[in-house]
Structure formats: C-alpha cells, structure tokens
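*Asks:* next come a sequence and a model predicted from it.
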Number of protein chains: 2
Amino acid sequence: MTRLQATYDIESPVGVAQAAAVLAGEQSTGTFIRLAAETDSLRDRAAARVEAVTITGKSDHPALPCRLSADCYEQGTVTISWPVDTFGASLPNILATIAGNLFELAEVSAIRLVSLDVPDSIAAALPGPQFGITGSRRLMGVDTGPMIGTIIKPSVGLSADETAELAKNLALAGIDFIKDDELQGNGPACPLKDRAMAVMGALDAAAQKTGRKVMYAFNITDEITDMWRHLEMLEKLGATCAMVSLNSIGLAGLRAVRDQSPLPVHAHRNGWGLMSRSPHIGVAYPVMQKLWRMAGADHLHVNGLASKFTEPDSVVAEAAVSVQAPVSAGHAQTALPVFSSGQTAWQVGPSMALLGNDDFLFCAGGGIMSHPGGPAAGIASLRQAAEAQKLGLTPHDYARDHPELAAALDSFKGAVNRG
Amino acid sequence: MTRLQATYDIESPVGVAQAAAVLAGEQSTGTFIRLAAETDSLRDRAAARVEAVTITGKSDHPALPCRLSADCYEQGTVTISWPVDTFGASLPNILATIAGNLFELAEVSAIRLVSLDVPDSIAAALPGPQFGITGSRRLMGVDTGPMIGTIIKPSVGLSADETAELAKNLALAGIDFIKDDELQGNGPACPLKDRAMAVMGALDAAAQKTGRKVMYAFNITDEITDMWRHLEMLEKLGATCAMVSLNSIGLAGLRAVRDQSPLPVHAHRNGWGLMSRSPHIGVAYPVMQKLWRMAGADHLHVNGLASKFTEPDSVVAEAAVSVQAPVSAGHAQTALPVFSSGQTAWQVGPSMALLGNDDFLFCAGGGIMSHPGGPAAGIASLRQAAEAQKLGLTPHDYARDHPELAAALDSFKGAVNRG
C-alpha cells in the first residue's frame, strides 16, 4: 500500500456518495468552484480518491445541526485515500489531512473517523515507542503477569513530602508502578522538581529493602522546552518514566518529548471524551492511538472495564486491543495498554481475557488503598486475580485459599456492578 | 479574581447540582471513594469549588450515550473555579484541568465548556500575540480597511514555481495577504523550502512594481524542531508570516512556535468541528481562542458568514468578536480575526458590521479568482464593499459607480444564499 487510507462513518443531506466526493475534494485539490489550475494531471497526482462507499441506512432528520437540509439523510461508510507525497511522514500534517476541515462540512450531518491504514513507508520513517512493553517490564522488574500500578490521590493538594511518603508506602507494599494524577503538573503548590526529588529519594530507600525500584510516572506536561528540562532533571534523579497529557501537548509535542526522552513516555488521554463520546462526530481510539504510537508513546490509557467513565466495555476492549496491534503491515510499534479508573480485582481477569495476554498495566486506586487488609493486600489481590485467570480458575474458586482476593471480591463488588 | 473559572452547559442523570460536585471533585482532589488523605485543610487549599448552578430544563432521554440512566436528565449551567496555585501559568496543565477527564463522566449525559474567566496573574505570565492587529497591518502595509487575503488553490498539487507564479499574479492584482492551504505542509511533492524560495522571489519582484510586499503565510506545521528550522529559513528569505494547524501541533506546540518566531503566527483551526459542532459535547470557540491567544496566536480563523461550513452565522460572529475581546480584565492580547471559506463581496459589509470595526483579515478564494473581471477586479470589489459599509451605503447603491463591486454582487449572489 502506497497511499494513506481512512474510513469514515457519515450521514449526509446530499447522499453518501456525493458527500464522499466533496470530502475527498475538500481534503485535497478541490475548492467550492472548480478552478482552471485544477488540471486532470494535477488531480491524478495529488487528489484524494474515494475508494469505497457503502450505504447502511437513512434518517429523516440530521444527527448534528447542519446548514444543508434534506428530506432524507443517507448513512454509510466511505473510504478515502491520499498519495503520501503530499504530506510525507509528518504526523501533524497527516492529522490535518485526515481530521481537518471535514468535520464542519455542511455536506455531512454526522462524521466519525473510524479506521486508518498506514503505509509501511510512513511507519518506517517515524520513531515509534522507545521502550514499549518489553522495555517497561525491564525497568519495572516485572517479568510476567500484569504490571500493577496506582495513581497518587488526592489528585492535587499533597505536598512533595506527603507524595513521597505515600509512594514509599506503596513501594513497600509491593506496587510496580505509580503515577501522578494528570492534574498534578508543575504548579507553585507542588513543583515537579521538589516532588521528583522527594519521591525518588523515597523510592530509592524502599528499593534498598525490596530489591526493586518502582516505576514512577512524573507528570511533565508543560511547555516544550520546560518538558525537556524536566526530562533532564528526572534522568539525573534516576527516575524511570515521564507522563504527558496528550491533548494538552499535541501530536507535535508528543514527538518532541519522544525525541529527547531517556525515559518511557506514559501517555494520558484526558479529554478523550471530547473527541470520541458522541456517536455522531469524533475519532475512534484505534485511529488516534496509531498516530500517538508512531510519535512515540510507550504507555497508552484505554480506561478500564466497568469504570467510572461512560465508555461501554466493548469500546474499552477495542481500544486496549488496538494498542497491541501493528501500526502498519510491517511495523509493530506496540505500546503498553493502561487500564485505569475504578479498577479492582474484579476487572483483572476480564482484562487479561480480552487481550489474550498479560502485557498490560493495571492501575487501581481505591481497589488498592481501600482494600480492608491495606495496600499490600490490595496489590496481592490483583496479582491473585491474574493468577486465577492464568490457571483458568474463576476468581471465587481461587479466592478459597487466597484471602486477599477473597476480601477484594467481597469489598468491591458494588464498584464493578456499575458497568 | 484569583481563581480560574469555567462554565459548562451540562445535562445529568444524577441532577445538575450533584453532577457539578462530581465534576469539581474529579477535576481536583476527589476520587470515587473519599480517601483519608483528602483532609478538610487539603480541600480548602486545593479543591475546585462549585460557584453557581442554574437549572434550565430537563429531558426524558440522555443527549449522549451514558452509562448511568435515569427517568429524568436535568439540564443546566454550572460554574466551577480552581485555585491557580495547582497549575500556575501553564496552559497545557490548565487545559487538562478545564477540559480533561470530565467529558467522559457517567454523571453527565451532555457537557460543553462555554466560557472561561482568566485571572490577570495567568495572562500576565503568558506571552500573548507578538504582532496582533497593529503589527500585522504594519507588515502588510495596510493602514485602514479590512486586510484582503486569499488561499493558494488547488490546495495541493501545484509545484513551487506554479505556486510562486500564482502568488506573483495575486500580488500584482493588489492582494494584501496570501496563505498556503492547511493541507500544503512540507511534503516531498512540494517541499516548504523550495516553495518559500520561489514565492518570496516572486513577491519581492512584485513589490518592486507595487511598492508593497504581500504577506504570505507559509504553512510550517510539522514537528517542533522542524518548525523552528522553518522559521529560521523563512526569516532569512524575508518572509513575514508563518501558519500552523493548531490541532496538529497542540497548545504546547503553538507556544513553542511563538517563543521562537520572528514572524506573526497565523493560526488555522482545521479540525475545529470535532471540538465544537455537537450541541451535546464540546468547547465553545470563545474559550479555546483565549488559550491560543495567551500562547501567542496572532491571527485566528473564525470561518466566515454564509460559508461552505455548517456553523450558523451567529456562531461565526461570536467567534470573531471573541478574538478581539480582552483575555482577562487587565490584558487585551488581541488577535486578528480571519474570515474565510466561500467569502465574496457580499460578506464584507456584514463582517464589518458584526465587529464594529475593520480590523480583520478577509480571505476569499473564488470570490477573487472567479470574479468576471479577474483577480484585480475581485480584490477591488472587496475593498469597495468595505468602503460602502464605512460610508453607510448599501452595496447596491455603492455599486452604481463601482463596476467591480457591481459585477461581484451579480456573480456571487448564489454563493451567499447558502447561508
């Protein structure tokens, strides 16, 4: 494949086939009045092409407010392709091409970008994850089983020393991974450098006892040159992970971090609902995560099964699987899926089952801290749930001689029922 | 005001007041089970506060798919405030706070971020536009009246020399401003450097004849360090404007460009529909443009009246006005509104009227190139339309002794009726 190809679910007041032609025109050589300079040879060379049109249904009203009106709004799926020579391996320009001035076209009354096929030539020219699953396992010292993580809570308001104290206790309780909340950046109330110094001191001390250094994802989200400075500071302190808010720093910002980072990049997708919650407009996660992986994200958030967020479990599953699938036919660039939000021992087995492996980071907050036996028992309950799944046992069966798991299943059964 | 304050239109299965409390908790100190560490003093210091709740209506079904269900979905407006010490003057972290993990909450079945009040302390710490309206007028040599611009079309497919030829003809026809299309970045088919060299050569030659150098916004959208390289190259060539795709480079990317740019930053919002077209989820332009201006955007796109896009004229007007309003009580940081998309002489007067001034950039494509008298007549027709508005005359009255305007009104009347 030598063209970039994107598929959209659309609804249109002018019919799906005509809307596809408008979309291809708008996103390549066209304008609203055909110009003399838009010659046939120019179109052959540079125009987007409608590769496929499928009609799936119709509606008597537009899904979104629409300047054009009609008696019938046709629904369907369209696939458009572009020659790569127009943009090359520039992710920011690829994004402007596949997700630019098309969401506002009056010829569509609904539009979602649902899949993206990337030619090998593009993937080959981009860095991809620097550490991925293997590198992250190595840095955490976790050879098998899901990696168990947690988030510092309260999200904001703790001092550097209070954060470090929490981190130390979690490390001694056996955690593999801890992260800052995405709200905890580098504000005057708890500057990143103070926090990193205190936390790394605490984690190094804990490692003296446990023999293993916990991975802590410090939230470096900030202006570009500040993030580079933060990375340098973190490396000096022996930190092993940097977190960014993807929607805050942008696709170019992510790549800038990747290019200068000696650490795995933990990519947080806060704000994702804005891009994908509506059934009528948006981008599906399997598309966006490809761009983020090619730019260099090592860890990618996918929400969690039965989480506090509104995504149905099927969407969470699709997202998690997509993060482990190759970005192009010949390039894996696999990242580590991160489950989080309202996670407990209940969701470990189903998370393993949907992926068919245990190469994921499982972040629990209350599911660890609120375990009746304390954080160590909370962490143990999550590992036991993974063992049960690996042995093909139900959590309840395995819980008979694993009291931490038994207590977790009992304590958190309310939480999972919200799903 | 010492707190950052945001207002959301929401709909909720748990009631507007309770949803506001969840939102404030999720976006500051809270988690789904209240933790011991979340003390009263920590909350006083760090928690977000619900400042106002107004109930406006209700619905018997959720506007968006929602994990929580109810018999009644209450609708209303909530205002939340945050102490600035948590994030400081870091725009990427401010974005994660006001537009992060809240769009996906199951406690809201619709949510739009509709306004943002910025404390002076934040605005004061940020650069804002470097050139704004005054600097852009100076560089274009346009003391009064709207600045008249156009976009190179076909958007992609022209060679560097073909682009330069077009630019030269437009310059000789009297244009003030030309921009690359947002799809024309730095691909192998037409590398930015080749294009910039050819275009600046052509514009310099034209300036020898006209006595005025046209401002050309070269699309530098790319990875961060590449954009910096592009800026350096453009400065050496005597270029006077750089364009970026905001959603591709991100908020941190925009600031990185601003910090290194010797040129005005022309900010293109392609992809905006994704963030704002749905009535049920999104961010209103008056919010987002404040962040972009504080980060340093000089020119900001606002679509155009009766454009080919689906936004109603009232939304276009609100967007244009917002770009000229102060970002905070004590800081103007005004940017230049850019009207574009299907614009002709018909829309000049109404654009002036809605702003109450002529400090804007008016970009027309077909409205210039397809004028029956050619591009020079097209440009003249736009200036005549502005003169008519300034004199308080109708375009038709003024057209009686201004044949270019008369021809434009006649040729393009179909275009404007789409509005």
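*Replies:* Ah, there it is.

*Asks:* quick one, phi/psi of the residue of chain A found nearest chain B?
*Replies:* Closest approach between chain A and chain B, counting by CB to the nearest CB: residue A:250, at 1.2 Å. Quick note: C-beta positions are derived from backbone N, CA and C, even for glycine. Dihedral angles of residue A:250 (phi, psi; degrees, to the nearest 10) stand at phi 80, psi 170.

*Asks:* is chain B within reach of the host helix or strand of residue A:314?
*Replies:* Residue A:314 belongs to helix A:313-324 when assigned by DSSP states H and E. No: figure legend: helix A:313-324 not in contact with chain B (CB under 8 Å from any CB of the partner chain); closest approach 9.6 Å.

*Asks:* same thing with stretch A:64-71?
*Replies:* Yes: counting by CB under 8 Å from any CB, chain B has neighbours in stretch A:64-71: A:64, A:65, A:66, A:67, A:68.

*Asks:* which bits of the stretch 251-400 of chain A sit near chain B?
*Replies:* Residues of the stretch 251-400 of chain A lying close to chain B (CB under 8 Å from any CB) are A:251-253, A:255-256, A:259, A:270-275, A:277-283, A:303, A:308-312, A:342, A:365-366, A:369-370.

*Asks:* let's see it at 6 Å
*Replies:* A:251-253, A:255-256, A:270-271, A:273-274, A:277-278, A:281, A:308-310, A:342, A:365-366, A:370 (CB under 6 Å from any CB of the partner chain).

*Asks:* list only buried entries from the residues of stretch A:64-71 next to chain B.
*Replies:* By neighbour count, with 16 or more other CB atoms under 10 Å in any protein chain shown, the residues of stretch A:64-71 next to chain B hold A:64, A:66, A:67, A:68 as buried.

*Asks:* would you mind putting those residues into JSON lines with secondary structure and distance to residue A:124 alongside?
*Replies:* Below are those laid out as JSON lines (DSSP: H, G, I helix; E, B strand; the rest coil; distance: CB to CB, whole Å):
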{"residue": "A:64", "secondary structure": "coil", "distance to residue A:124": "38"}
{"residue": "A:66", "secondary structure": "coil", "distance to residue A:124": "40"}
{"residue": "A:67", "secondary structure": "coil", "distance to residue A:124": "42"}
{"residue": "A:68", "secondary structure": "coil", "distance to residue A:124": "41"}
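
*Asks:* farthest-separated two in those residues?
*Replies:* Across these, the longest distance by CB to CB is 11.5 Å; it joins A:64 and A:68.

*Asks:* where does pLDDT dip in the stretch 101-250 of chain A?
*Replies:* Applying pLDDT under 70 to the stretch 101-250 of chain A picks out no residues at all.

*Asks:* and the lengthiest helix in chain A, what other elements does it pack with?
*Replies:* If you go by DSSP state H, chain A has its longest helix at helix A:192-210. Contacts defined by 3 or more CB pairs under 6 Å, 6 or more residues apart in numbering or on different chains; DSSP states H and E place helix A:192-210 against helix A:160-172, helix A:224-236.

*Asks:* can you name the next helix or strand after that helix?
*Replies:* Counting by DSSP H and E, what follows helix A:192-210 is strand A:215-219.

*Asks:* chain center to that following strand: distance?
*Replies:* With CA atoms, centre = their mean, to the nearest Å as the basis, strand A:215-219 stands 16 Å off its chain's centre.

*Asks:* does it reach chain B?
*Replies:* No: applying CB under 6 Å from any CB, one finds strand A:215-219 out of contact with chain B, separated by at least 8.3 Å.

*Asks:* for that strand, packing partners?
*Replies:* Going by 3+ CB pairs under 6 Å, 6+ apart, strand A:215-219 lies up against strand A:177-179, strand A:241-245.

*Asks:* the closest residue to residue A:212 other than its chain neighbours: neighbour count?
*Replies:* Distances taken as CB to CB, 6 or more residues apart in numbering or on different chains put residue A:141 closest to residue A:212, at 4.5 Å, once the chain neighbours are dropped. Residues within reach of residue A:141, counting by other CB atoms under 10 Å in any protein chain shown, total 15.

*Asks:* and residue A:141, how far is that from residue A:11?
*Replies:* 51 Å (CB to CB, to the nearest Å).

*Asks:* which bits of the stretch 51-200 of chain A sit near chain B?
*Replies:* Counting by CB under 6 Å from any CB, the stretch 51-200 of chain A comes close to chain B at A:64, A:66-67, A:85-88, A:90, A:92-93, A:95-97, A:99-101, A:103-104, A:106, A:153-154, A:156-157, A:182-183, A:185, A:187-189.

*Asks:* show me the strands in the stretch 251-400 of chain A, by range?
*Replies:* Secondary structure of the stretch 251-400 of chain A (DSSP state E, counting those that start in this stretch): strands at A:265-268, A:281-283, A:299-301, A:336-339, A:361-363.

*Asks:* hmm, back to that, could the helices and strands packed on helix A:192-210 be laid out in CSV, adding mean neighbour count?
*Replies:* Below are the helices and strands packed on helix A:192-210 laid out as CSV (neighbours: other CB atoms under 10 Å in any protein chain shown):
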stretch, mean neighbour count
helix A:160-172, 20
helix A:224-236, 19
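
*Asks:* quick revisit: most neighbours per residue, which of the helices and strands packed on strand A:215-219?
*Replies:* strand A:241-245 (a mean of 27; mean count of other CB atoms under 10 Å in any protein chain shown).

*Asks:* what's it packed up against?
*Replies:* Judged by 3+ CB pairs under 6 Å, 6+ apart, the packing partners of strand A:241-245 are strand A:215-219, strand A:265-268.

*Asks:* list the neighbouring strands of that strand plus their orientation.
*Replies:* Strand pairing for strand A:241-245, determined by DSSP bridges: strand A:215-219 (parallel), strand A:265-268 (parallel).

*Asks:* need those in TSV with mean neighbour count, can you?
*Replies:* Output for the strands paired with strand A:241-245, formatted as TSV (neighbours: other CB under 10 Å):
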stretch	mean neighbour count
strand A:215-219	28
strand A:265-268	28
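
*Asks:* right, and these - which one's nearest residue A:20?
*Replies:* strand A:265-268 (32.2 Å).

*Asks:* give me the distance from the longest helix of chain A to the chain's centre.
*Replies:* Going by CA atoms, centre = their mean, where helix A:192-210 is centred and where its chain is centred differ by 27 Å.

*Asks:* again, but for stretch A:332-352
*Replies:* On CA atoms, centre = their mean, the centre of stretch A:332-352 falls 12 Å from that of its chain.

*Asks:* ends of that stretch, what's the gap?
*Replies:* Distance between the two ends of stretch A:332-352: 20 Å, counting by CA to CA, to the nearest Å.

*Asks:* pLDDT of it, averaged?
*Replies:* Per-residue pLDDT values across stretch A:332-352 average out to 96.

*Asks:* buried residues, it. List them.
*Replies:* Under 16+ other CB under 10 Å, the buried positions of stretch A:332-352 are A:333-352.

*Asks:* likewise stretch A:275-295?
*Replies:* For stretch A:275-295, by 16+ other CB under 10 Å, it's A:275-278, A:280-295.

*Asks:* swap in stretch A:187-195?
*Replies:* For stretch A:187-195, using 16+ other CB under 10 Å, the buried residues are A:187, A:189, A:190, A:192, A:195.

*Asks:* now the two most distant members of those.
*Replies:* Maximum distance among these (CB to CB): 11.3 Å, for A:189 and A:192.

*Asks:* the strands in the stretch 51-200 of chain A, which residues?
*Replies:* A:73-83, A:110-117, A:147-151, A:177-179.
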